[in-house]
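**Q** have a look at this fold, sequence not included:
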């Protein structure tokens, strides 16, 4: 059924005049007549009866009118539901402990009442997350996706670099260092349980380990962040890497140390993926916020060559 014909019928019913309906809709009287005729042929009944004063509803037209109005109202609601800004912005932050989640949270705190929804597509790799953005499952996603792998229809903007920190227990040989360089980590076991093969973070740590001759592994079962913190506290040799903006908690008695990395500073480059041309106002505000209020990128940055700068 032609929606414009339905809208024209409701307009004629409301004005009682074909010309008045044409003026209201911004079309010619002839176009109104053609639309009404086409609608009547489609449903095989006469809806309007012409009179010397204009037109009136037939009995079938009187029955049909309220249903036509409901259809148009439902269509308007459907269109309104997907108009930019009419629904929450859905942002994939990957993990609620890491930098993207904290950055989105700071944005929300600085823009009270902003309509957004933070979700975690933690089981999807970067390519799958980009596809979720393209399909509209989410509006945006923070990922480290190589520039050559960004699909058509998706824009990518590198907005959040997370400097890495060396996390160790109090008995580790580097526990009291004010900062260390990546070269200083050679020979120390760096345990990052939960690295999933085929993900962008697996690719990142692989390149990082090769660039600085590091021993990074994910051996053994992953019992979660709390178990990792317990293991670090009890070990004089075990270490892990975390982002400077990542939010991890542990008992005070663990006395874990977060040691900055410099000379150079490895960063995990979080790239914001979003549909090209997306006009959602919260997306625009989030991008502006990250550009202006996000953490400053260190001067001695190291990042994989495959990341778009």
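**A** In hand now; what should we look at? In this text, all values refer to a predicted model and were calculated from it rather than measured experimentally. Numbers count the residues shown, from 1 in each chain.
**Q** could you pull out the helices in the stretch 1-150 of the chain for me?
**A** For the stretch 1-150 of the chain, helices defined by DSSP state H, counting those that start in this stretch occupy the ranges 3-15, 18-25, 29-43, 59-81, 99-110, 126-135.
**Q** could you tell me the least trusted of the ones you listed?
**A** Of all those, the minimum mean pLDDT falls on helix 59-81 (a mean of 87).
**Q** any weak-confidence spans in the stretch 151-300 of the chain?
**A** Along the stretch 151-300 of the chain, segments meeting pLDDT under 70 are nowhere present.
**Q** how about the strands in it?
**A** All strands of the stretch 151-300 of the chain, identified by DSSP state E, counting those that start in this stretch, fall at 154-168, 189-191, 215-217, 238-243, 257-260, 265-275.
**Q** the last one: partners in the sheet, and parallel or antiparallel?
**A** Each strand paired with strand 265-275, and its direction, by DSSP bridges: strand 140-143 (antiparallel), strand 154-168 (antiparallel), strand 301-302 (parallel).
**Q** and the angle for it with strand 238-243?
**A** Counting by axes from the mean of the first three to the mean of the last three Cα atoms, to 10 degrees, strand 265-275 lies at 50 degrees to strand 238-243.
**Q** re earlier: most packed of the strands paired with strand 265-275?
**A** Most buried of the strands paired with strand 265-275, by mean neighbour count (mean count of other Cβ atoms under 10 Å): strand 140-143, with a mean of 28. In this view, the C-beta of every residue, glycine as well, is placed from N, C-alpha and C.
**Q** where do the helices sit along the stretch 201-309 of the chain?
**A** Ranges of helices in the stretch 201-309 of the chain, per DSSP H, counting those that start in this stretch, are 225-234, 281-293.
**Q** make CSV out of the ones you listed and add mean neighbour count.
**A** Shown next, in CSV, are these (neighbours: other Cβ atoms under 10 Å):
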stretch, mean neighbour count
helix 225-234, 16
helix 281-293, 16
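**Q** who wins for proximity to residue 93 among these?
**A** With Cβ to Cβ as the criterion, residue 93 lies closest to helix 281-293 of the helices of the stretch 201-309 of the chain, at 11.3 Å.
**Q** what comes into contact with that closest one?
**A** 84-85, 88-89, 91, 103-104, 106-107, 110-111, 114-116, 139-140, 157, 159-160, 272, 274 (Cβ atoms under 8 Å, 6 or more residues apart in numbering).
**Q** one more time with 10 Å
**A** Helix 281-293 is contacted from outside by 84-85, 87-91, 100, 103-104, 106-108, 110-111, 114-116, 139-140, 142, 155, 157-160, 270, 272, 274-275, 278, 280, using Cβ atoms under 10 Å, 6 or more residues apart in numbering.
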